[in-house]
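# Show me how the following folds:
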Amino acid sequence: MAIRPILEAPDPRLRVKSTPVDTVDDDLRALIADMFDTMYDAPGIGLAAIQIGIPKRVLVIDLQEEDDEEGKPIRTPRVFINPEFYDPSDDLSVYNEGCLSVPDQYAEVERPATVHARWLDAEGVAHDERIEGMLATCIQHEMDHLEGILFIDHLSRMKREMVLKKLEKARRQRRAA
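Now for the predicted structure:
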């Protein structure tokens, strides 16, 4: 498939609210394949379609939490079409999040430790599952993208401005190199 450019903050397209997918078809599956190629190349563990400029409610996630005998990550790709979550836990977890659209910047974000989620997979099959741990954090992070929200929006204004300044400085250094 294809590796697509990832939009970076403060690109205004990252603030667009994504629209639901009407049909799960071969065109959508081609987009999903491109999203996985792009995510793995970056490298990352999650990607929303809006991050490559497509305002559709599609996420791909692969936590790659285990390695094989050769030390290479075992891929466990998951597709979430039109995801929604409900019944978030009162228990919260804090994770030092990063984002492919805010490269090389990290900050602690507090989110519900577990959520129930509903979605369609790449074959159009409906799922409804209680999700916890790192996957719960990741799906909430990626679902924020579908609403035009970046992880830095969960930070104080001062921390957010500091992250954006670091991002701009890194961008200038890349251009100068």
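# List the buried residues in stretch 164-177.
Buried residues in stretch 164-177, defined by neighbour count with 16 or more other CB atoms under 10 Å: L164, L167. For the C-beta atoms, the positions are set from N, CA and C on the backbone; glycine is no exception.
# That should have said stretch 131-142, apologies.
I131, L135, A136, T137, C138, I139, Q140, H141, E142.
# Quick check: bridge partners of A117?
A117 has the following beta-bridge partners by DSSP bridges: F85, E129.
# list the contacts for it?
Contacts for A117 (CB atoms under 8 Å, 6 or more residues apart in numbering) come out as F80, P83, E84, F85, Y86, H127, D128, E129, I131, I139.
# Same question for D67.
Listed by CB under 8 Å, 6+ apart, the contact set of D67 reads P73, I74.
# Which strands or helices does the stretch of helix or strand Q140 belongs to pack on?
Per DSSP states H and E: Q140 is located in helix 133-146. Here helix 133-146 touches strand 46-48, strand 58-61, strand 78-86, strand 92-99, strand 102-112, strand 114-120, going by 3 or more CB pairs under 8 Å, 6 or more residues apart in numbering; DSSP states H and E.
# can you redo these as TSV with mean pLDDT and distance to R172?
Listed next are the helices and strands packed on helix 133-146 as TSV, based on pLDDT from 0 to 100; distance: least, CB to CB, whole Å:
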stretch	mean pLDDT	distance to R172
strand 46-48	98	25
strand 58-61	98	31
strand 78-86	96	35
strand 92-99	96	20
strand 102-112	95	13
strand 114-120	97	38
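# Nearest approach to R175 belongs to which of those strands?
Closest to R175 of the helices and strands packed on helix 133-146, according to CB to CB: strand 102-112, at 13.8 Å.
# Are there helices or strands packed against the closest one, and which ones?
Short answer (3+ CB pairs under 8 Å, 6+ apart): strand 102-112 packs on strand 92-99, helix 133-146, helix 157-176.
# export the ones you listed to JSON lines and tack on distance to G44?
Converted to JSON lines, the helices and strands packed on strand 102-112 look like this (distance: least, CB to CB, whole Å):
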{"stretch": "strand 92-99", "distance to G44": "8"}
{"stretch": "helix 133-146", "distance to G44": "10"}
{"stretch": "helix 157-176", "distance to G44": "16"}
